[in-house]
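J.: Prediction below, plus the sequence it came from.
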Amino acid sequence: MMRKPSAPPSRRGRRARRDGEAVAVITPGEVGGAFNPLADHEVGEVHAAVLDVLAIIGLGDAPEEISRPVCARGGTLTEGGRLLFPHALVEDVIAAAAQPVTLYGRHRAADLVLSPGRVYCGPGGAAPEVLDRRTHPATNSIRGIWQPELRRPTLQSF
């Protein structure tokens, strides 16, 4: 017994390839914003938690060209070398941030223009190591998350 094709011949394979090239299921920069898995008060709770992480845990191994201007605006550098960001400083920087922001890819087609209502999909994940293209050493960018001795016992979510 022969199976009936699921789509007419003219439509078969359209999703996967068009003229021999891969076709994206989601085009970069699609208009979005309808998916809101968190209520406004929950977004506020996440925002407050992030401010606490930056103020209590901060950033480890911050280069001087970062720590100097942050400390000049109210940040502090701990004895252990962690850069702490006060809530007000973070809020001021967010308010002054440019919009839209372009994250440049290797090719213009790979650029991501971050602006309200635009959605991009990708593999996600963190960058546990960052390669400095000038000096070539890989540095651990999220060391504080994985080293329990750097966490504060007051942060319940850790």
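T.: Structure received.

J.: From Ala95, how far out is Val43?
T.: For Val43, the distance to Ala95 under the criterion CB to CB, to the nearest Å works out to 17 Å. Using the backbone N, CA and C atoms, a C-beta is placed for each residue, glycine as well.

J.: The two - which one has more neighbours?
T.: More neighbours surround Val43 than the other of Val43 and Ala95, with 12 against 7 (other CB atoms under 10 Å).

J.: helix or strand right after the helix or strand hosting that one?
T.: In this structure, Val43 is located in helix 40-56 according to DSSP states H and E. Next along the chain after helix 40-56, taking DSSP H and E as the criterion, comes strand 59-60.

J.: That next one packs against which elements?
T.: In this structure, strand 59-60 packs against strand 82-84, helix 143-146, with contacts taken as 3 or more CB pairs under 8 Å, 6 or more residues apart in numbering; DSSP states H and E.

J.: and these, which one's lowest on average pLDDT?
T.: Of all the helices and strands packed on strand 59-60, the minimum mean pLDDT falls on helix 143-146 (a mean of 47).

J.: where in this structure is pLDDT low?
T.: 1-26, 28, 122-133, 136-158 (pLDDT under 70).

J.: do that again at 90, thanks
T.: Under the criterion of pLDDT under 90, the regions of the chain flagged as low confidence span 1-37, 61, 97-158.

J.: Run through the helices of it in chain order.
T.: Chain-ordered helices for the chain, with DSSP state H as the definition, fall at 40-56, 64-72, 87-96, 143-146.
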